[in-house]
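# just coords:
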């Protein structure tokens, strides 16, 4: 099961890091207008919460799934991790986020 109107989920592990790439934002009524270069994108409340979260600090995909499920509730009939990966896919297509492997710890 997947979110209607969203791209396929990104291929990411729960431990992969999510980084935001936005130049400026304007928030109002739970939505966010995001500027990246000369592109302007209006985000849904869920996508807005995701971007706001990773702008504040780096989160893993698994941490985001848990945080957004707590904030918005568990998506009916589907795994929250899949839903978050679909939103990440949409944001990644717009160049607003990047998903990277976890940092290696020094030995």
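Sure thing, it's come through. Remember, predicted model here, so these are calculated numbers, not experimental data.

# Can you pull out the low-pLDDT segments for this protein?
1-4, 104-107 (pLDDT under 70).

# How about residues contacting stretch 24-43?
21-23, 44-45, 47-48, 51-52, 55, 91, 94-96 (Cβ atoms under 8 Å, 6 or more residues apart in numbering). To be clear about C-beta, it is placed using only N, CA and C from the backbone, and glycine gets the same treatment.

# now do stretch 85-104
2-3, 6-10, 12-13, 15-22, 34, 36-37, 39, 41, 43, 46-47, 50-51, 54, 60-61, 64.

# Filter those down to just the ones in helices.
46, 47, 50, 51, 54, 61, 64 (DSSP state H).

# ok, so of those, who is nearest residue 76?
Closest approach to residue 76 among the ones in helices among the contacts of stretch 85-104 (Cβ to Cβ): residue 46, at 13.8 Å.

# By neighbour count, which of the contacts of stretch 24-43 wins?
residue 91 (26 neighbours; other Cβ atoms under 10 Å).

# just to revisit the earlier point, can you lay out the ones in helices among the contacts of stretch 85-104 as TSV showing distance to residue 70?
Compiled in TSV, those are given as follows (distance: Cβ to Cβ, whole Å):
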residue	distance to residue 70
46	13
47	17
50	13
51	17
54	16
61	15
64	11
